[in-house]
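A.B. asks: all I have is the shape, not the residue letters:
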Ligand code: SF4
């Protein structure tokens, strides 16, 4: 079925608006109202225009259109799946690793992703933006710790702030001698590319610290011409970009979709950085894959694209223990290999090539 471009004039926030624009079925409205009462809904005009209403499996719709499956929480799912609270010494700060902190400035986003790991914390009616006192307290915390080299602005989406406010925050952070890197995690360049104005780009560049931008996108179709233009404006201004994606069932859990996404990032001069395994956020089981499937996809990806296109496949360990790369591994100690007899485990390894063939290292003399 051909795609219907029905770009609405404004962001859709109510299930009834989704129905009116053909993005949800009328019969689902009562369930979607229940979902929306619990988790924020927002679909920007740019994202709405990407959805094919005739495709029940549309990978963009799966990310942003609410579903009754979100009402079902599975055992092990948790309102704070990666343990932000356990590592929050003052309001707005998450200090999990010694040399870097998360600085959560706002709790709103341009769009609300149905798999969001902070879905219990973001959106209207959840936490509010930091008060001036809390903001100053967070800055004091960073100032007092010389080991903090990198500050990661996240939320919510920091690019929902005005260029003026963002510029003030960047200046406050860059004035701290030991803060050398300011990294901004955002979905705005794909969800609302027009926000990346010349003023916004100017606000992101600051003397005294290097700005990096991490773009969150999960399907190649999100990288429209407008989104690519927004990213190019930042990169051309000297702001390097990396990607982060979430492995999502029905969105990018096949190697062709992952390959297209990673190639699109690299074409945009965005280095693939993280492919996250889906977090145990409540009501998101229908969007998660298994770790085994994720590892197989990473093996398949390595067979098809260059190292430039390879992200790290990572799991945020529940409870706040940080990220772990979860493979696959291509190296193991070998005690024996068919046809090779007994080997010395101290000196011989099995190493798997990109085709899946096994070799010994060092090779047999
Ligand atoms: S943009 Fe990020 S913080 Fe906002 S809903 Fe999506 S995943 Fe969550």
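C.D. replies: Nice, thanks for sending it over. Note that the structure is predicted; figures quoted are calculated from it, not measured.
A.B. asks: measure the spatially closest residue to residue 251 that is not a sequence neighbour to residue 221 for me?
C.D. replies: Nearest non-adjacent residue to residue 251, counting by CB to CB, 6 or more residues apart in numbering: residue 59, 4.4 Å away. (C-beta placed from N, C-alpha, C; glycine too.) According to CB to CB, to the nearest Å, residue 59 and residue 221 sit 7 Å apart.
A.B. asks: what residues does this protein have near the ligand?
C.D. replies: Within reach of the ligand by CB under 6 Å from any ligand atom, the chain has these residues: 109, 112, 113, 116, 118, 122, 155, 156, 157, 187, 216.
A.B. asks: mind running it again at 8 Å?
C.D. replies: Contacts of the chain with the ligand, taken as CB under 8 Å from any ligand atom, map to 40, 109-113, 115-119, 122-123, 154-157, 185-187, 191, 216, 246.
A.B. asks: among the residues you listed, name the ones in strands.
C.D. replies: Taking DSSP state E as the definition of strands, those contribute 154, 185, 186, 216, 246.
A.B. asks: what ranges do the helices span in the stretch 51-200 of the chain?
C.D. replies: 59-64, 132-143, 163-174, 188-191, 198-204 (DSSP state H, counting those that start in this stretch).
A.B. asks: so which of the ones you listed is the most packed in?
C.D. replies: helix 188-191 (a mean of 27; mean count of other CB atoms under 10 Å).
A.B. asks: and that helix, what other elements does it pack with?
C.D. replies: When contacts are defined as 3 or more CB pairs under 8 Å, 6 or more residues apart in numbering; DSSP states H and E, helix 188-191 packs onto helix 45-50, strand 210-216, helix 225-236.
A.B. asks: now these in a markdown table, with mean pLDDT, mean neighbour count and distance to residue 23?
C.D. replies: Output for those, formatted as a markdown table (pLDDT from 0 to 100; neighbours: other CB atoms under 10 Å; distance: least, CB to CB, whole Å):
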| stretch | mean pLDDT | mean neighbour count | distance to residue 23 |
| --- | --- | --- | --- |
| helix 45-50 | 97 | 22 | 7 |
| strand 210-216 | 98 | 21 | 21 |
| helix 225-236 | 98 | 18 | 20 |
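A.B. asks: strands of the chain, residue ranges please.
C.D. replies: Along the chain, counting by DSSP E, strands occupy 93-97, 100-104, 150-154, 181-186, 210-216, 241-246, 270-276, 312-316, 323-325, 331-333, 336-337, 341-342, 349-352, 358-361.
A.B. asks: could you tell me the least trusted of the ones you listed?
C.D. replies: Within these, the stretch with the lowest mean pLDDT is strand 336-337, showing a mean of 56.
A.B. asks: quick one: residue 53 and residue 25 touch, right?
C.D. replies: No. Applying CB atoms under 8 Å, one finds residue 53 not in contact with residue 25, separated by 10.0 Å.
A.B. asks: tell me which of the two has more neighbours.
C.D. replies: The neighbour count for residue 53 versus residue 25, taken as other CB atoms under 10 Å, is higher for residue 53 (18 against 12).
A.B. asks: okay, the closest residue to the more buried one other than its chain neighbours: pLDDT?
C.D. replies: Spatial nearest neighbour of residue 53, chain neighbours left out: residue 22 (4.2 Å); criterion: CB to CB, 6+ apart. What the model reports as pLDDT for residue 22 is 95.
A.B. asks: residue 22 contacts residue 49, doesn't it?
C.D. replies: No. Judged on CB under 8 Å, residue 22 makes no contact with residue 49 at a distance of 12.0 Å.
A.B. asks: what is the neighbour count of whichever residue of the stretch 251-365 of the chain sits closest to the ligand?
C.D. replies: The minimum distance from the stretch 251-365 of the chain to the ligand, using CB to the nearest ligand atom, falls at residue 281 (9.1 Å). By other CB under 10 Å, 26 other residues sit near residue 281.
A.B. asks: from residue 76, how far off is it?
C.D. replies: With the distance defined as CB to CB, residue 281 ends up 11 Å from residue 76.
A.B. asks: need the contact list for residue 318.
C.D. replies: Shown in contact with residue 318 (CB atoms under 8 Å, 6 or more residues apart in numbering): 76, 78, 81, 82, 83, 279, 280.
A.B. asks: what number of residues lie near the closest residue to the second one other than its chain neighbours?
C.D. replies: Yep, that's residue 78 we're talking about. Nearest-residue entry for residue 78: residue 280, 5.6 Å, with adjacent residues in sequence omitted and distances by CB to CB, 6+ apart. Counted with other CB under 10 Å, the neighbours of residue 280 add up to 21.
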